[in-house]
Structure formats: structure tokens, C-alpha cells
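1. Have a look; sequence and predicted model below, questions after that.
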Amino acid sequence: MQDKSISFKTVSLQKDESVLNAIKHLLALVDLSLDNHVNDFVVGYVEQQIVACAGLDHNIIKCVAVHPDYQGSQLTLKLINTVIDLADEKNQHHLFLYTKPDNVPFFKSCGFYPLVKIDETVTLMENTPVGINHYCQKLAQHKKVGTCGAIVMNANPFTRGHLYLVELAAKTVDWLYIFVVEEDASLFPTAIRHQLVKQGVSHLGNVSVFLGSEYMVSKATFPSYFLKDQTLIEQTYMAIDLLLFREYIAPALTISVRFVGTEPRSELTNAYNQAMPYWLEQKALSTAPIIKVIEIPRVTASNDVISASRVRALLAQKRYQEVYDLVPKSTWSYLQQHYVIEDK
């Protein structure tokens, strides 16, 4: 059936819901499901039937599927090239995709290069052979001597709890690097969170604050559509993120310690904390040096742990007096300007 003419079209699910069920049906035929973060698709038609699709979520290619009757490397190659053209139109030039390891040779032929592989479950690839190396070279320009540690935080927003963790960690190592996760799905945009962290730790002489990168995998962007088991989805996301850190980011800055606060509330975050020693400390899992994980108990206020989620909840309820007790002065100053709070 592959000799039939196939035409490609770009569709937006928000504007063209008529194709939604057809795409879902095609994905189901190849044991995939629709990723809810994907709105833009390239679809291949034979007459009125959708026989191929590939989605684009910002700079991540997702939901690549070809009808079993039309599967073949040439059609799939045309499909990938077309979705790359779509990304180019949207000024997304640095692309990533997640695929099953069996598909890696094909995607290599499309110009993608593997970054990390998790067992036989998933491989993360990017469309450049030098992307992560260039990023690490830039990081290495800020490399310090001595024992170096790191904290990766969302800081949504930066609280006294974060500050406690940073100050304690900074006393433990010669130099501390903080990475602020790049994710605008948060209540506080990335640029604001980065600014608040920098202001909040400016009194510390051995701390550098970096904006996170695309090589720090967000749960929001991890494609769960080809993994059916929720536990496996979460474990795989954590493994990719931690191995990227261990194999690329940490060596660039000679990071040998990673600090994290305990997590009594979020099961997912607590599971991530528990995964850290497994992926960072076990010698057999990577040729990269091991990274010691130090978990620091959360600081409390009014008999409850200080957390960003607690601050956000209090802000929503306009309980500003309680917020004041949970955030450093720099964060409070920002909140005063943006939440119309009277001076203390």
C-alpha cells in the first residue's frame, strides 16, 4: 500500500478538533497514546485517511506514529523531516526526542544523537552532535577549585526553607552551584525565580546561581505517552534527569556532592530524592564519577515545614502576614510590588 500518494499537512488540535480522534486512533494502533502537551501535529494523509503523525511540543518531537500498513523508513523519514520543518518555522532549532532504544538507529539516520539510555525503556536524543558538549564547555568556564556541591531547585518562589538549605550546603563545600529549573509552567516565571534566588543568596561569597537548561528534564515535558505504567514513567523521568546531571553537568563543574531537602509532602518529589542515591552514587550505573547525595531536613515555622507550595497557598488566600514569616526579604520585596501588600 506504500505506493499510494501521501500528502502532509500541519494541524493544530485547538483549531482542528476533527482530526483529534483520528490521531488518537492511529497512536493506539502502534501502542501509543496522545500526549496532552502536544497541540501541533504534522499528519500524513492517503486520500482522507491519516496514516502518519508526529507532534511538536515546543522543541520536543513526540507522538511519532505510522499506520502498520504504511510503515517504512522512507515514509517515516519524510514525516520526521516535515516536523523538523515545522519546528524551524516556530524558531525551534534545537530539538529533542525520546524513543525506544530499538528505534535509535533510524533516528540517527535522521540526524539525531543519543544522550542517555535507560535500560531498554527509553533513549533521549538531540539533533546535534555537539549540543550538550557546548553547554558543558560554557559551564566549565565558571568552574571553581576545591570540593564543589550543587542544588537543583524550582524555587517557586524562593523561601526561607530554600535559604536554609543553601546556607547549610555552602558551609559544607568550598563552592556551591545552584541551578534554577527552567520551567514557565510555574506560578512564578523562570526569570523571576532566577532573580529571586540570586538576590536571596547574594550575601554568600561561595555560591554561583545558574539558570537551568534543556538538559535538566522537567516532569512537564517528559513524554509519558509510550510508557503505560505510571510508576515506570516517574522512574524513567528521574533516571534520565539524574544521569544527564551525573554524566555531563557535574563533570563540567567537578561537582562531587548534591544537596537536597527532605520532602514530607510530595510523594513524587520524595521518590525523586530516593532515586538520587541510586543513580548518582552507584558506580556500576555510569562511567562518570559518583556524586555523594546529602539530604538535609526541612526547616519549620509554626510547627510546619517551610515550602514553596505552602507560600503559594497562603498567597492565594491573601494571608500575607504568614507569608512574611516564610520568605527572605528579597522575595518579600517582590511580593509587595506584585501582590499589593502593605509595608511591614
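-> Here it is on my side, so go on. Numbers count the residues shown, from 1 in each chain.

2. On the three-state scheme, residue 240 is what?
-> helix (DSSP: H, G, I helix; E, B strand; the rest coil).

3. Return the residues in contact with it.
-> Counting by Cβ atoms under 8 Å, 6 or more residues apart in numbering, residue 240 touches 116, 118, 122, 124, 217, 222. Placement of C-beta: from N, CA and C, glycine included.

4. Flag the shaky bits of the stretch 51-200 of the chain, pLDDT-wise.
-> The stretch 51-200 of the chain contains residues with pLDDT under 70 at 73, 185-186.

5. hmm, try it at 90
-> Along the stretch 51-200 of the chain, the model assigns pLDDT under 90 to residues 70-75, 98-100, 103, 119-122, 182-187.

6. hey, where'd the helices end up in the stretch 201-344 of the chain?
-> Applying DSSP state H, counting those that start in this stretch to the stretch 201-344 of the chain gives helices spanning 230-244, 250-252, 267-281, 308-316, 320-324, 329-339.

7. Serialize the ones you listed to TSV and add fields for distance to residue 144 and mean pLDDT.
-> Shown next, in TSV, are these (distance: least, Cβ to Cβ, whole Å; pLDDT from 0 to 100):
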stretch	distance to residue 144	mean pLDDT
helix 230-244	21	85
helix 250-252	12	98
helix 267-281	20	91
helix 308-316	28	94
helix 320-324	34	94
helix 329-339	24	92
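
8. In CSV: the ones you listed, plus distance to residue 26.
-> As requested, these are arranged in CSV below (distance: least, Cβ to Cβ, whole Å):
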stretch, distance to residue 26
helix 230-244, 22
helix 250-252, 41
helix 267-281, 31
helix 308-316, 38
helix 320-324, 48
helix 329-339, 45
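
9. thought residue 215 was touching residue 138?
-> No. Here residue 215 does not reach residue 138: they are 11.6 Å apart, not a contact under Cβ atoms under 8 Å.

10. Show me which of the two is the more surrounded one.
-> Per other Cβ atoms under 10 Å, whichever of residue 215 and residue 138 has more neighbours is residue 215, with 22 against 12.

11. Who is residue 118 paired with across the strands?
-> Counting by DSSP bridges, residue 118 is bridged to residue 122.

12. Which of the three states applies to residue 22?
-> With three-state DSSP as the criterion, residue 22 reads helix.

13. wait, it sits on residue 48?
-> No. Using Cβ under 8 Å, residue 22 makes no contact with residue 48, being 9.4 Å away.

14. show me what contacts the spatially closest residue to residue 257 that is not a sequence neighbour?
-> With sequence-adjacent residues excluded and distances taken as Cβ to Cβ, 6 or more residues apart in numbering, residue 257 is closest to residue 149, at 3.8 Å. Taking Cβ under 8 Å, 6+ apart, we find residue 149 in contact with 169, 172, 173, 175, 176, 177, 255, 256, 257, 258, 259, 294.

15. Buried only: go through those for me.
-> 169, 173, 175, 176, 177, 255, 256, 257, 258, 259 (16 or more other Cβ atoms under 10 Å).

16. quick one: which of those sit in strands?
-> Cross-referencing the buried ones among the contacts of residue 149 against strands under DSSP state E gives 175, 176, 177, 255, 256, 257, 258, 259.

17. For burial, what's the neighbour tally of the nearest residue to the first one once chain neighbours are set aside?
-> The reference is to residue 175. Among residues not flanking residue 175 along the chain, residue 144 sits closest, at 3.9 Å (Cβ to Cβ, 6+ apart). Residue 144 has 15 neighbours, counted by other Cβ under 10 Å.

18. Residue 174 is in contact with residue 144, correct?
-> Yes. Counting by Cβ under 8 Å, residue 144 does reach residue 174; the two are 6.9 Å apart.

19. Could you pull out the residues contacting both of these two?
-> Residues touching both residue 144 and residue 174 by Cβ under 8 Å, 6+ apart: residue 206.

20. so where's the longest helix in this protein?
-> As assigned by DSSP state H, the longest helix anywhere in the chain is helix 73-89.

21. and residue 250, what is it in contact with?
-> When contacts are counted by Cβ under 8 Å, 6+ apart, residue 250 touches 150, 256, 258, 288, 289, 291.
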